[in-house]
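> Turn this into a structure:
(one chain, ligands or ions: 1)
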Amino acid sequence: MKNPFSLDGKTALVAGASRGIGLACARSFAQAGARTILASRDMKALEGEAAKLRDEGFQAEAAKLDVANSASIQECAAALPDVDILLNCAGINLRKKFETYTREEYDRVLQTNLHGIFELTQLVGKKMIERGKGGKVIFIGSMMSVLGLPYLSVYGITKSALWGLTRILAAEWGRHNIQVNCIAPGFILTDLNRDMWQQPVLKNWLNGAQANPKMGSGEDIGPSAVFLASPGADYITGQILAVDGGYSTTANWPFEPNA
Ligand code: NDP
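I've put the predicted structure just below:
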């Protein structure tokens, strides 16, 4: 029987693949058999990671992409081969009191996390539709797609919007056999938050707050991306998959039963 989770013969584009979650997903795609295009602004990092994957016997290449720059998005999309799988992972974060965001900060986060992803998905999706062979689009949302934590208002606007877009595109592109889903990673240790998680108070808090008390890593997300990109997920669309150690669905309390 053919492995339903194999990505053999598929081409995957990972937007935001130079490090962190995007890199881990790109590595998982390549390991699952996909020709994987690692894209972001940092060509040196991407070339290095793609070369490492090729040395390990997988198919990988690098592509320059700045999702905050329309010309860069168009240039990248025009140079792409036929893409079967698009993983939108590029993103930035800014933690501040709502009252203190400047217009420039707001625009920067919206441009990267939402407007650029919108434009890239339009261009890649249009080609998928024209090609007529279906495809998979995966957005990297966040727990902020569905939950509210303080000081993440602008980030939360973008991540909620990606989850909204997931549902609508799933409906719109279902007739083209394109499945659209969203992954909501939990607390994943990366460059985006490494400094914040140095604080003992936060580490202790996580220990009591989450069913699985350990912090996640990019490697916890990669396999879920492979699953949603694979033929095994052909009947799954318009979903959000929390990969968060149980944070968004469980709670701890001090009660202990007598028996
Ligand atoms: P990192 O900072 O480690 O990685 C961010 C990635 O996004 C890099 O590859 C970076 O590439 C890319 N990127 C940023 N800006 C741009 C841009 N303008 N154009 C192209 N690529 C860009 O962060 P994470 O791995 O933690 O985050 C990845 C995604 O996961 C983000 O969307 C984030 O919101 C989301 N997420 C993360 C969580 C976490 O706990 N870490 C939790 C929930 C969601 P480069 O700098 O080379 O351009």
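> alpha carbons only for contacts and neighbour counts from here, please
OK.
> tell me which parts of the stretch 1-150 of the chain are close to the ligand?
Proximity of the stretch 1-150 of the chain to the ligand, by Cα under 6 Å from any ligand atom, involves residues 16-22, 40-42, 65-68, 89-92, 112, 140-142.
> Buried subset of those residues as a ChimeraX selection?
Entered in ChimeraX, the line below selects the buried ones among those, by 16 or more other Cα atoms under 10 Å:
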select :16,17,18,19,20,21,22,40,41,42,65,66,67,68,89,90,91,112,140,141,142
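> quick one: secondary structure of the closest residue to Ser142 other than its chain neighbours?
Nearest non-adjacent residue to Ser142, counting by Cα to Cα, 6 or more residues apart in numbering: Ala184, 4.1 Å away. At Ala184 the chain is in strand, as set by DSSP: H, G, I helix; E, B strand; the rest coil.
> For burial, what's the neighbour tally of Ala184?
Other residues near Ala184 come to 22 when the count uses other Cα atoms under 10 Å.
> bridging residues for it?
For Ala184, the beta-bridge assignment (DSSP bridges) gives partners Ala242.
> ok now do it, which residues does it touch?
Ile140, Gly141, Ser142, Met143, Ser145, Ile240, Leu241, Ala242, Val243, Asp244 (Cα atoms under 8 Å, 6 or more residues apart in numbering).
> Run a quick neighbour tally on the fourth one.
Per other Cα under 10 Å, the neighbour tally for Met143 reads 23.
> Work out for me the element Ala68 sits within.
Of the helices and strands defined by DSSP states H and E, none includes Ala68.
> Wait, a helix at Glu61?
No. Assessed with three-state DSSP, Glu61 is strand; it does not lie in a helix.
> Can you give me the distance of it to Ala12?
Going from Glu61 to Ala12 by Cα to Cα, to the nearest Å gives 10 Å.
> what do those two both touch?
By Cα under 8 Å, 6+ apart, Glu61 and Ala12 have these common neighbours: Thr36, Ile37.
> Comparing the two, which residue is more hemmed in?
Set Glu61 next to Ala12 and count neighbours by other Cα under 10 Å: Ala12 wins out with 28 against 19.
> give me the element the more buried one is part of.
Going by DSSP H and E, Ala12 is part of strand 11-15.
> show me where pLDDT drops low in the stretch 51-200 of the chain?
Judged against pLDDT under 70, the stretch 51-200 of the chain has no low-scoring part.
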